[in-house]
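Asker: When you get a sec, could you give me coordinates for this:
(one chain, ligands or ions: 2)
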Amino acid sequence: MATPTQYDAIVIGSGQAGTPLASAFTQAGKKTALIERQHIGGCCINEGCTPTKTMIASGRVAYLTNRAPRDYGVHMLPEGTPGSRLEIEMTKIRQRKREIVDQFRGGSEKRLSTAGVEVLRGQAEFKNHKQILVSLDNGETQTLTAELIFINTGERPARPNVPGVDKIDLSRILDSTSVMELAEVPKHLIVIGGGYIGLEFGQLFRRLGADVTIIQRASRLIPREDPDISAAMLDILRDDGIVVHLSAEASELTDSGGSPITMHIKFKDSRSIPAIHGSHLLFAGGRSPNTERLNLGATAVSTDSRGHIPTGDYLETSVPGIYALGDVKGGPAFTHISYDDFRIVRDHLLSPPPTPGSQQKPRGPLSSRTRLVPYTVFTDPQMGHVGLHEAEARKQFPNTQIKTAMMPMTYVARALEMDETRGMMKAVVNAETGEILGFSCLGIEGGEVMSIVQVAMMGGLKWWQLREAIFAHPTIAESLNNLWQFLK
Ligand SMILES: Cc1cc2nc3c(=O)[nH]c(=O)nc-3n(C[C@H](O)[C@H](O)[C@H](O)COP(=O)(O)OP(=O)(O)OC[C@H]3O[C@@H](n4cnc5c(N)ncnc54)[C@H](O)[C@@H]3O)c2cc1C
Ligand SMILES: NC(=O)c1ccc[n+]([C@@H]2O[C@H](COP(=O)([O-])OP(=O)(O)OC[C@H]3O[C@@H](n4cnc5c(N)ncnc54)[C@H](O)[C@@H]3O)[C@@H](O)[C@H]2O)c1
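Answerer: Ligands and ions are numbered 1, 2, ... in the order given. Sure thing, here's the model as predicted:
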C-alpha cells in the first residue's frame, strides 16, 4: 500500500469556509490540500445565492414592467393592441444566470490558484481520524494524512418524500438547482415548502407568469421568523396572486388526466379542498447535510439525528483536530456565516490579520456562540433580520422589560414616493437599558435597512440614538427616526 501523502491541513469541500481557509493555510506556509467533488465555490456560487439572485433580478423587472402603465404612468407603445403583452425569454434569463455563475466560479478558481492551494478533484472519505481517502475524478485513489482536517461539505436539497412521487415524470419534479435550468416558464408550479427557498422561487416564477401554489406544512410561512413578519409576508405573496395553503401537506401525487401532476392535499385541521393540478413540482422542504459519504464511522466524530456535525464554540468536532464549518454543522445556513466560520478557525489556528492602529482583534475573540447573525430573504420586498425575535428575547431575558416597535412601511416617506409600501419593520429592545436586541425589516431594501441597525447594534447604540440620528432625506434609513414612536 502506498504511503499516505503528508499535509499540514486537509480541507474537504470548497464551500464558503473551505475555499478561503485553504488559501489562508497555504499562504501561512502550511502544506494544504483542498478536496472538491463538484464545483469550486460550493453551493452559494453555483446553485444558491448567486444564480437565484441573478434570476430574481429578472423577476423584479417583470414586476415593475407590469406595474409601469398602471402605477407609474410609464407606457411602452404600441400597447393595448392585440398581442401587446409581457413576454418572458426564459432561456435568456437562464443564460444570464449561467454567465454570472461562470464568472464567480472562475474568480474563486483563480484566487485558489494564485494562493498556490493544491486542489484535488474527487470524493473524500475518512479512513481514520488522521487519514483521508480521495476517489479522484480520473479514477485513481489517493490517501492523505494531516493533523488538522476541516469538513466544509455543506448540504443538498432533501429528497421529496410524498407518496406517488416516483410515478411522476422526473423532468416535472424539480429542486432548487434544476428549477433554475428550465427553458420555459412552468404553467403551474406547485411548491412544497414555505421556507426561504420556496418563497424566493415561488414569487420569482409568479412574476415570470406561472400560476404558483405553495403548500406549507407549518401553520405559517418562514416559521423561524416573528409571527407578525410571517403574517405580513403571507399578505404580500397572496397580493402577488400566489395561492398559499398553510398547515397543509401533499398526501399523494398522481399523474392523471390532462395535467401532468395531480396533488391531493391533507390539512392538519378538518379543511379539505379538491385535488390541485400542476405542470411542475418544486420540492423546497429543506436540505440534508453531506455527511453520509464521509465514512465518519471510521472516526469518533459525532453527528446528530439529521446527520449534521455538532461543534463547540470554535468549531472543533467531538474529535480534536477535526473541525466542521458551514451548513454541515447544522446552521445557521448562510454564506456569510460559513465565511465567518472561516474567520473563527483562522483566528484560532493562524495569526489573525493585524488591526490598523490597535493591538486588539477587530471583533474580540471570535466564537460561533457570541456572534450576531444577520440574514436577508430575497423576496420582493426583502426580509432582513438581525439578532433576537420578540419571543426569543422574552425567553432569554425573562426578568427584563422587553418592548417592541412595529411600523408599517406605509409610514415611510421614501416607500410612498416609490409606491413600494408593502411590509413592516419591527424592533425589539431592552426597555431598561435601551439596547437594541433584534430588528426585522420586511420592506423595500429591507436587507440594507437591517444592516444599518446591525451596525448600530455592533456599536452598542441605544434605540434613542437612532431616533435622534441625522439621516439623509428622503432615504428609507430616515424611518429609523420614526420607528420608535411605536415602542410599547
Ligand atoms: C437556492 C439557494 C439559495 C440560497 N440563497 C442564499 C442567500 O441569498 N444568502 C445566503 O447567505 N445563503 C443562501 N443560501 C445558503 C448558502 O448557499 C449556504 O449557506 C452556503 O453556500 C454555505 O455553504 P457551505 O460553506 O456550508 O458549503 P457549500 O457551499 O454547500 O459547499 C460544500 C462543498 O463540498 C463539496 N463536497 C461535499 N461532500 C464532499 C466530499 N465527500 N468530498 C469532496 N467534496 C465534497 C460539495 O460539492 C460542495 O462544493 C442559499 C442556498 C440555496 C440552496
Ligand atoms: N436568502 C437566503 O439567505 C436564503 C435563501 C434560500 C435558502 N437559504 C438557506 O437554505 C436553507 C434551506 O432553505 P429551505 O427553504 O429549503 O428550508 P427551510 O427549512 O427554511 O424551509 C422548509 C419549509 O418547508 C416545510 N416543509 C418541509 N417538508 C414539507 C412537506 N412535505 N410539505 C409541506 N411543507 C413542508 C417546512 O415546514 C419548512 O417551513 C434555509 O434555512 C437558509 O438557511 C437562505
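Asker: Could you tell me which residues of the stretch 301-450 of the chain lie near ligand 2?
Answerer: Residues of the stretch 301-450 of the chain lying close to ligand 2 (C-beta under 6 Å from any ligand atom) are Ala333, Phe334, Tyr375, Thr376, Val377, Phe378. (Each C-beta comes from the backbone N, C-alpha and C, glycine too.)
Asker: same thing but 5 Å
Answerer: Residues of the stretch 301-450 of the chain lying close to ligand 2 by C-beta under 5 Å from any ligand atom are Ala333, Tyr375, Val377.
Asker: Now pLDDT and distance to Gln401 too, for those, in JSON lines please.
Answerer: JSON lines is the format used below for those (pLDDT from 0 to 100; distance: C-beta to C-beta, whole Å):
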{"residue": "Ala333", "pLDDT": "98", "distance to Gln401": "33"}
{"residue": "Tyr375", "pLDDT": "98", "distance to Gln401": "27"}
{"residue": "Val377", "pLDDT": "98", "distance to Gln401": "30"}
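Asker: who does the longest strand belonging to the chain pair up with?
Answerer: Longest strand in the chain, counting residues (DSSP state E): strand 118-128. Strand 118-128 has its sheet partners listed here by DSSP bridges as strand 32-36 (parallel), strand 131-136 (antiparallel).
Asker: Nearest to ligand 1, out of the residues of the stretch 301-450 of the chain next to ligand 2: which one, please.
Answerer: Using C-beta to the nearest ligand atom, Ala333 is the member of these that sits closest to ligand 1, with 4.3 Å.
Asker: Could I get the pLDDT score of whichever residue of the stretch 151-300 of the chain sits closest to ligand 1?
Answerer: Closest to ligand 1 within the stretch 151-300 of the chain is Gly154: 2.0 Å, counting by C-beta to the nearest ligand atom. Looking at Gly154, its pLDDT reads 98.
Asker: Please work out how many residues are found near it.
Answerer: Residue neighbour count, defined by other C-beta atoms under 10 Å, stands at 27 for Gly154.
Asker: and it, backbone torsions?
Answerer: phi 70, psi -160 (degrees, to the nearest 10).
Asker: ok so, going back, could you save the strands paired with strand 118-128 as TSV and add columns showing mean pLDDT and mean neighbour count?
Answerer: Converted to TSV, the strands paired with strand 118-128 look like this (pLDDT from 0 to 100; neighbours: other C-beta atoms under 10 Å):
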stretch	mean pLDDT	mean neighbour count
strand 32-36	98	26
strand 131-136	98	19
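Asker: Which one of the ones you listed lies nearest to ligand 1?
Answerer: Closest approach to ligand 1 among the strands paired with strand 118-128 (C-beta to the nearest ligand atom): strand 32-36, 4.8 Å.
Asker: And the contacts of the closest one?
Answerer: Residues outside strand 32-36 that contact it (C-beta atoms under 8 Å, 6 or more residues apart in numbering): 5, 7-14, 18-19, 22, 25-26, 112, 117-124, 132, 134, 144, 146.
Asker: What subset of those is buried?
Answerer: With burial judged by 16 or more other C-beta atoms under 10 Å, the buried subset of these is 5, 7, 9-14, 18-19, 22, 25-26, 112, 117-120, 122-124, 132, 134, 144, 146.
Asker: so Ala393 touches Glu435, yeah?
Answerer: No. Ala393 is beyond contact range of Glu435, at 10.2 Å (criterion: C-beta atoms under 8 Å).
Asker: ok so, going back, in PDB, list the C-alpha atoms belonging to the longest strand of the chain.
Answerer: Output in PDB follows, covering the C-alpha atoms of strand 118-128 (Å, rounded to 0.1, in the frame of the first residue of the first chain):
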ATOM      1  CA  GLU A 118      -3.200  22.200  -4.000                       C
ATOM      2  CA  VAL A 119      -6.700  21.200  -5.300                       C
ATOM      3  CA  LEU A 120      -7.700  17.600  -5.600                       C
ATOM      4  CA  ARG A 121     -10.800  16.900  -7.700                       C
ATOM      5  CA  GLY A 122     -12.700  13.900  -6.200                       C
ATOM      6  CA  GLN A 123     -14.800  12.500  -3.400                       C
ATOM      7  CA  ALA A 124     -13.200  12.400   0.100                       C
ATOM      8  CA  GLU A 125     -13.900  10.000   2.900                       C
ATOM      9  CA  PHE A 126     -12.200   9.300   6.200                       C
ATOM     10  CA  LYS A 127     -10.000   6.200   6.600                       C
ATOM     11  CA  ASN A 128      -9.400   7.100  10.300                       C
END
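Asker: Give me the mean pLDDT for it.
Answerer: 98.
Asker: so does that strand get close to ligand 1?
Answerer: Yes. Strand 118-128 is in contact with ligand 1 by C-beta under 5 Å from any ligand atom, via Gln123, Ala124.
Asker: between Ala393 and Glu435, which one's more packed in?
Answerer: Taking other C-beta under 10 Å, Ala393 and Glu435 do not tie; Ala393 has more neighbours (20 against 16).
Asker: In a helix, that one, correct?
Answerer: Yes. Assignment of Ala393 by DSSP: H, G, I helix; E, B strand; the rest coil places it within a helix.
Asker: OK, contacts around it?
Answerer: Ile402, Val428, Asn430, Leu437, Gly438.
Asker: run the last query once more with 7 Å
Answerer: Ala393 sits next to Ile402, Val428, Leu437, Gly438 when contact means C-beta atoms under 7 Å, 6 or more residues apart in numbering.
Asker: out of the residues you listed, who's nearest Asp304?
Answerer: Gly438 (26.1 Å; C-beta to C-beta).
Asker: How many residues are close by the nearest residue to the closest one once chain neighbours are set aside?
Answerer: Once flanking residues are discounted, Gly438 sits nearest to Gly387: 3.5 Å by C-beta to C-beta, 6 or more residues apart in numbering. Applying other C-beta under 10 Å, we find 21 residues neighbouring Gly387.
Asker: quick one, what contacts Gly387?
Answerer: Gly387 is in contact with Leu372, Leu437, Gly438, Phe439, Met457, counting by C-beta under 7 Å, 6+ apart.
Asker: Go ahead and confirm the fourth one touches Val449.
Answerer: Spelled out, that is Phe439. No. Between Phe439 and Val449 there is no contact under C-beta atoms under 7 Å: 8.5 Å.
Asker: quick revisit: go through the contacts of Gly387 and flag which are in strands.
Answerer: Those of the contacts of Gly387 mapping onto strands are Leu437, Gly438, Phe439, per DSSP E.
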